[in-house]
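Colleague: curious how this folds, go ahead:
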Amino acid sequence: MVALSTLALLLFAADGGAPSIPDGGAPSIPTFAIRGVTTSEPVVALTFDACATLKQPNGFDRKVFEILAATQVPATFYLSGRWVEKHPTAARAIADAPLIELGNHSYSHPRLTLVRKERLRWQIRNTNKVLEKKLGRRPLSLRPPAGAWNAKVLRAARDENLPVVTWTVVSGDVGGHVPPARMVQTVLDETKPGAIIIFHINRREPYTKKALPDIIAGLRGKGFRFVTVSQLLALPDATAEPAKPSRLGFHKRNRPPAPEQQNAEPAPEPQSQGGEPANPPT
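Modeller: Predicted structure coming up:
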């Protein structure tokens, strides 16, 4: 694990500030993907992915966005470049929201570990350009699609001054396979100080808007405060928790039955061989 004080300086500089760099060199980015941090502060980062592929532009779940605004919860939105291009009005509303921080989610949502070096760099750089040109804001971190990352992805992200960020807690919202009550229980049970929780906001998550109010209220009831990812990494006592490298990320394996097919208690979330939830979170 690595202290994040120099990374905090880098993030603030990318966001328009001009902090001084301590003697001894430029700020550094961790040599691993960050899944969360250890901290004594009772804080948590909510994150929302807006994915789009070359063939599937997906949509925008405005109700989720409105819940965050109504409850005044800061959050980090990981936007893919193609999603921004296909949903300019929604993307502008997100960028104009003062409590929302932007992240890079690649351009067309490929497994970045599986594309060639130049294409990988283009996926990251072109998304940065799209966000800067169309929204006037630069992303402060990279979330690789499906959480698939390796040394090649880290190098490409570091060239753009972006830390690679995955997640600590999987909400399970993709595809509507997890009912709202179970989403709420999972998040409340698994969240600890310094956690990063992954949700979606591109209409692949029909129950997020039903679960989110109870998740926000429940976390606040447990004493948690909400921060953006860069604010989380910038905490004075933050120490990064490394994610495990993954060539393919999460897989759709042993998918549980949809809620309408469940007659009794929902079945436990299936696990992959590595101990992670089998349903892909992103």
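Colleague: contact partners for the closest residue to residue 205 other than its chain neighbours?
Modeller: Once flanking residues are discounted, residue 205 sits nearest to residue 173: 3.7 Å by C-beta to C-beta, 6 or more residues apart in numbering. In this view, the C-beta of every residue, glycine as well, is placed from N, C-alpha and C. Going by C-beta atoms under 8 Å, 6 or more residues apart in numbering, residue 173 touches 183, 199, 200, 204, 205, 207, 208, 211.
Colleague: show me those residues that map onto strands.
Modeller: Assigned to strands by DSSP state E, the following of the contacts of residue 173 qualify: 199, 200.
Colleague: what about the residue nearest to residue 111 when sequence neighbours are not counted, distance to residue 115?
Modeller: In space, and not counting its chain neighbours, residue 111 is closest to residue 148: 4.5 Å by C-beta to C-beta, 6+ apart. To residue 115, residue 148 is 10 Å away according to C-beta to C-beta, to the nearest Å.
Colleague: ok, those two, which is more surrounded?
Modeller: Each of residue 148 and residue 115 has its neighbours counted (other C-beta atoms under 10 Å); residue 148 has more, 21 against 18.
Colleague: am I right that the more buried one is in contact with residue 113?
Modeller: Yes. If you go by C-beta atoms under 8 Å, residue 148 and residue 113 touch, sitting 4.7 Å apart.
Colleague: one step back: with neighbour count added, can I get the contacts of residue 173 in CSV?
Modeller: Shown next, in CSV, are the contacts of residue 173 (neighbours: other C-beta atoms under 10 Å):
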residue, neighbour count
183, 23
199, 28
200, 23
204, 19
205, 24
207, 21
208, 25
211, 26
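Colleague: any idea how far apart the tips of stretch 105-119 sit?
Modeller: 14 Å (C-alpha to C-alpha, to the nearest Å).
Colleague: that stretch: how far from the chain's middle?
Modeller: Mean C-alpha position of stretch 105-119 versus that of the full chain (C-alpha atoms, centre = their mean, to the nearest Å) differs by 17 Å.
Colleague: thank you, goodbye.
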